[in-house]
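Trainee: here is a sequence with its predicted model. Questions after.
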Amino acid sequence: MQTLVFSAANSYESAETFELTRVIDRIERTSDVLVFRLQLAANGSLLAQSTRPDSVKVVLDAEPGNIAVLYPDLDEPYRGIFHKIIEGVEAQIGKRVVTYAVGSDMKAQDIVANLKRQDIKVVIALGRQGLKAASGLVSDYGVVVGGVVSAPEDETRNFPVISLAPDPGMLFERLKHFMPNARRVVVVYDPRQNAWLIRMARQAAHKHGLELLAVEVTDIKSAVKAYQEQLASIDPKKDALWLPQDPTTVEDTSILPLVLESAWKLNLAVFSSNVTHVKRGVLFSLYPNNVALGRQLAASALNYPAIIPAALKVVPMKDALLAVNVRTASHLGMQLSSPLKNGIDLVFPAQ
């Protein structure tokens, strides 16, 4: 029996960042339309907004400066989430920044015109809308992208990306708190999405005394087979399973239920890079601290272009909050002492 104590603060921002992750998690893409399908937790209603990447609305919200922020033009509570990120940007920079709400009724060249009038040098682009818009700015401006989970490497070769995926080292550190005897982490991944993350995870695993078994697959069928093979031979006393944010290997309707059902029977610790999985039974996850994410983006913008090595265009978020499923923890024999008062920011089931 273990008693686990962590050192972080519980805050209302936990709910905000959880909702941001839900927003990102519901993004669907077609050939030229980005559809944000926003599931409102309060009443279950669905809000949908489509935005063409070549047609955006620009609204000037702040005083001029050398750094500008582009963010999705969404209603509350989502607008407040992006404002928290901007708050972190301004706290790091030490002054107000120019912000643009990206909507649906003004062309991309109008962004460029406004940036030139404000003497902008570096643009922080939030969300996949921002990533698309940034592709047309890189020839004239420094660009840093944030608020996206991941992107194929061919989409990010021209600018650095601060991912919403938590740093693997932070995940492994938390795993060691929950499971001090852990010796191996198993992960199934699609290299088209997460090759960059697995490279970092190998180094982080070694630092934390863990072996990383990374199984590479490229489709859902092979992912199911890989999970079945690994679960058949896994040792719950020494092994843990990591679920990255990967639409191929962590598909919600077939793979996730299979993994969680098997893990429950085996008493296997499963942790995830996606906070929404904690509600469904994963032991723990890390998710964005909005203000801290803004600070990390601002630090990158202030040091542009010497911010990320050429070989690594995507970096994980460095500051995060902790979500835990206390029912799963109890099932695994882990006793949590007053979780909401001892550093767990978000608890499932709700208490």
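Mentor: Arrived safely. Given the structure is predicted, the values throughout are model-derived calculations rather than measurements.

Trainee: okay, CA-based contacts and neighbour counts for the rest of this
Mentor: Fine.

Trainee: walk me through the domains of this protein.
Mentor: 13-164+290-317, 166-287+321-348 (automatic domain parsing).

Trainee: kindly reformat those domains as JSON lines containing mean pLDDT and mean neighbour count.
Mentor: Converted to JSON lines, these look like this (pLDDT from 0 to 100; neighbours: other C-alpha atoms under 10 Å):
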{"stretch": "domain 13-164+290-317", "mean pLDDT": "68", "mean neighbour count": "18"}
{"stretch": "domain 166-287+321-348", "mean pLDDT": "94", "mean neighbour count": "19"}
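
Trainee: paired strands for the helix or strand containing Ala240, with orientation please.
Mentor: Under the criterion of DSSP states H and E, Ala240 resides in strand 239-243. Using DSSP bridges, the strands paired with strand 239-243 are strand 184-189 (parallel), strand 269-272 (parallel).

Trainee: could you dump those to TSV with distance to Ser330?
Mentor: As requested, these are exported to TSV (distance: least, C-alpha to C-alpha, whole Å):
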stretch	distance to Ser330
strand 184-189	21
strand 269-272	11
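
Trainee: verify the stated contact: Pro166 with Leu321.
Mentor: No - contact between Pro166 and Leu321 fails when scored by C-alpha atoms under 8 Å: they sit 9.7 Å apart.

Trainee: now do the shared contacts for the two.
Mentor: 286-288 (C-alpha atoms under 8 Å, 6 or more residues apart in numbering).

Trainee: ok, and the closest non-adjacent residue to Asp219?
Mentor: Thr248 (5.8 Å; C-alpha to C-alpha, 6 or more residues apart in numbering).

Trainee: and that neighbour, what element?
Mentor: Counting by DSSP H and E, Thr248 is part of no helix or strand.

Trainee: OK, contacts around it?
Mentor: Per C-alpha under 8 Å, 6+ apart, neighbours of Thr248: 189-190, 218-220, 223.

Trainee: now, those that are in strands?
Mentor: Among those, the residues falling in strands (DSSP state E) are Tyr189.

Trainee: dump the contacts of Thr248 to TSV, plus distance to Ala301.
Mentor: Below are the contacts of Thr248 laid out as TSV (distance: C-alpha to C-alpha, whole Å):
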residue	distance to Ala301
Tyr189	30
Asp190	30
Thr218	34
Asp219	36
Ile220	37
Ala223	37
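
Trainee: contacts for the helix or strand containing Gln228, please.
Mentor: Per DSSP H and E: Gln228 is located in helix 220-233. Contact with helix 220-233 is made by 186, 188, 215, 217, 248-249, 251, 255, 259, 262-263, as judged by C-alpha under 8 Å, 6+ apart.

Trainee: coming back round to it: between the strands paired with strand 239-243, which gets nearest to Val102?
Mentor: Evaluated over these, closeness to Val102 peaks at strand 269-272, with 30.6 Å, by C-alpha to C-alpha.

Trainee: contacts for the closest one next, please.
Mentor: 175, 236, 239-245, 260, 263, 278, 282-286, 332.

Trainee: measure the nearest residue to Gly169 once chain neighbours are set aside to Glu211 for me?
Mentor: Once flanking residues are discounted, Gly169 sits nearest to Ala204: 4.8 Å by C-alpha to C-alpha, 6+ apart. From Ala204 across to Glu211, the span is 10 Å (C-alpha to C-alpha, to the nearest Å).

Trainee: could you do Ser330 as well?
Mentor: 26 Å.

Trainee: how about Val187?
Mentor: 11 Å.

Trainee: and if you look at Leu266?
Mentor: Taking C-alpha to C-alpha, one finds Leu266 at 20 Å from Glu211.

Trainee: related to what we said a few turns ago, of all the strands paired with strand 239-243, which one comes closest to Gly103?
Mentor: Closest among the strands paired with strand 239-243, once you apply C-alpha to C-alpha, is strand 269-272, at 32.0 Å.

Trainee: for the very next helix or strand once past that closest one, C-alpha coordinates in PDB please.
Mentor: Once the chain leaves strand 269-272, the next helix or strand it forms, by DSSP H and E, is helix 276-279. Taking Å, rounded to 0.1, in the frame of the first residue of the first chain, the C-alpha atoms of helix 276-279 are listed here in PDB:
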ATOM      1  CA  THR A 276      -9.700  12.900 -21.300                       C
ATOM      2  CA  HIS A 277      -8.600   9.300 -20.900                       C
ATOM      3  CA  VAL A 278      -8.400   9.700 -17.100                       C
ATOM      4  CA  LYS A 279     -12.100  10.100 -16.900                       C
END
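
Trainee: please begin residue numbering at 4 from this point
Mentor: Sure thing, new numbering starts at 4, so read that last one as helix 279-282.

Trainee: what's helix 279-282 packed up against?
Mentor: helix 16-28, strand 287-291, strand 323-328 (3 or more C-alpha pairs under 8 Å, 6 or more residues apart in numbering; DSSP states H and E).
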